[in-house]
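S.K.: what shape does this take:
(one chain, ligands or ions: 1)
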Amino acid sequence: MYIFSFALAVLSAAWTLVSGWETVPHTDRWHVIGVDAETSASLGERAFDEVLAQESVVDDGVAVDAVRSIVARLAPHANKLAGRDYHWDVAVLDEPSPNAFALPNGNLGIQTGLLPVTGLEDGLAAVIGHELAHVIARHPEERLTQQEFTRLGQFAASLFFSDGDPATQAAIFGALGLGAEYGILRPFSRTHESEADRIGMILMAQACYDPRAAPEVWQRMAALSRGLPAILSTHPANETRMVQLSSHLAEAMTVREQAGCPPLPGPSS
Ligand SMILES: [Zn+2]
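M.R.: Now for the predicted structure:
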């Protein structure tokens with residue numbers, strides 16, 4: 001039975017490798033996605049519901065208004081870049097750590113601890129743009145696909161190296177069915193972070209925000225994260241990232257100019 005399931009999983013993985021290739025909007029990086037839109041949307045909805053059930057959600061106030069208006073201003077540009085209308089839904093969570101997350105289908109979480117770091121305008125738009133970028137670049141789905149391949153490899157190894165011990169095989173096979181929802185909330189890779197930085201600044205520029213706020217806000221996050229390892233793991237900030245942010249800034253400023261936005265005042269504050 002395990003062999004049969006394994007064979008099916010191999011066939012499905014092979015099909016993904018044949019048919020699952022697509023490019024990321026704006027960066028044109030090729031990646032393979034083995035999760036269909038409906039499955040990833042329902043995983044995203046379930047994970048979002050779980051977070052909302054566990055966390056204290058802020059329903060109104062200045063912060064909620066600011067977050068919602070930024071999402072509303074960035075969302076049309078994200079949809080246009082992605083060629084798809086996402087169902088954007090944002091929750092402000094009463095959490096002291098400066099963090100945010102993005103799920104497939106356009107569900108976003110912004111923790112109140114971010115606001116003293118970002119302010120309520122361009123800095124916040126930088127973080128929200130970055131989260132929208134994760135969604136339209138389909139980073140959660142790409143990560144799920146990579147996890148499926150990893151699990152398949154581990155299962156193959158278990159078949160060949162476990163001496164056929166049924167208990168071991170059953171345990172590993174059981175683990176194959178777990179983790180999708182857990183995995184969807186795990187931190188992104190450096191590649192994904194860097195790509196979200198770049199696309200996020202483009203979205204900011206198209207919506208006439210000041211993209212110069214992005215390197216500044218990530219620098220402040222980095223400074224803050226020195227004493228808080230959890231943030232470091234979610235949004236790694238280092239010298240390389242700062243250099244990349246500066247190079248993406250030039251691109252974003254050009255996009256902003258082409259979008260016909262009003263000129264920016266002097267250096268951003
Ligand atoms: Zn990120």
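S.K.: surely residue 27 is in contact with residue 201?
M.R.: No: taking CB atoms under 8 Å as the contact criterion, residue 27 and residue 201 are not neighbours in contact, 11.8 Å apart. Placement of C-beta: from N, CA and C, glycine included.
S.K.: which one of the two is surrounded by more residues?
M.R.: Relative neighbour count places residue 201 above the other of residue 27 and residue 201, with 29 against 16, counting by other CB atoms under 10 Å.
S.K.: with adjacent residues omitted, what lies nearest to residue 68?
M.R.: The shortest distance from residue 68 to any non-neighbouring residue, by CB to CB, 6 or more residues apart in numbering, is to residue 90 (6.5 Å).
S.K.: assign that neighbour to one of the three secondary structure states.
M.R.: Put simply, residue 90 is strand when judged by DSSP: H, G, I helix; E, B strand; the rest coil.
S.K.: pLDDT wise, what is it at?
M.R.: At residue 90 the predicted local distance difference test score is 96.
S.K.: gap between it and residue 36?
M.R.: To residue 36, residue 90 is 24 Å away according to CB to CB, to the nearest Å.
S.K.: distance between stretch 75-88 and the chain's centre?
M.R.: Relative to its parent chain, stretch 75-88 has a centroid offset of 15 Å by CA atoms, centre = their mean, to the nearest Å.
S.K.: buried stuff in that stretch?
M.R.: Of the residues in stretch 75-88, those buried under the neighbour-count criterion (16 or more other CB atoms under 10 Å) are 75, 77-79, 81-82, 86, 88.
S.K.: buried set for the strand or helix carrying residue 7?
M.R.: For residue 7, the enclosing helix or strand under DSSP states H and E is helix 2-19. Neighbour-count burial for helix 2-19 flags 6, 9, 13, 16 (criterion: 16+ other CB under 10 Å).
S.K.: now the last one. Nearest residue, chain neighbours left out?
M.R.: In space, and not counting its chain neighbours, residue 16 is closest to residue 34: 3.5 Å by CB to CB, 6+ apart.
S.K.: wait, the one you found touches residue 20, no?
M.R.: Yes: applying CB under 8 Å, one finds residue 34 in contact with residue 20, separated by 5.0 Å.
S.K.: who touches both of those two?
M.R.: residue 145 (CB atoms under 8 Å, 6 or more residues apart in numbering).
S.K.: please say which of the two ends up with more neighbours.
M.R.: Each of residue 34 and residue 20 has its neighbours counted (other CB under 10 Å); residue 34 has more, 20 against 17.
S.K.: pLDDT wise, what is the more buried one at?
M.R.: Reading off the per-residue confidence, residue 34 sits at a pLDDT of 86.
S.K.: residues of the helix or strand where residue 215 lies that come out buried?
M.R.: Assigned by DSSP H and E, residue 215 falls within helix 213-225. Of the residues in helix 213-225, those buried under the neighbour-count criterion (16+ other CB under 10 Å) are 213-218, 220-222, 224-225.
S.K.: show me what from the protein comes close to the ion.
M.R.: Contact residues (CB under 5 Å from the ion) of the chain with the ion: 193, 196.
S.K.: contacts only, for the nearest residue to residue 66 once chain neighbours are set aside.
M.R.: Nearest-residue entry for residue 66: residue 120, 4.0 Å, with adjacent residues in sequence omitted and distances by CB to CB, 6+ apart. Contact analysis of residue 120 by CB under 8 Å, 6+ apart lists 62-63, 66.
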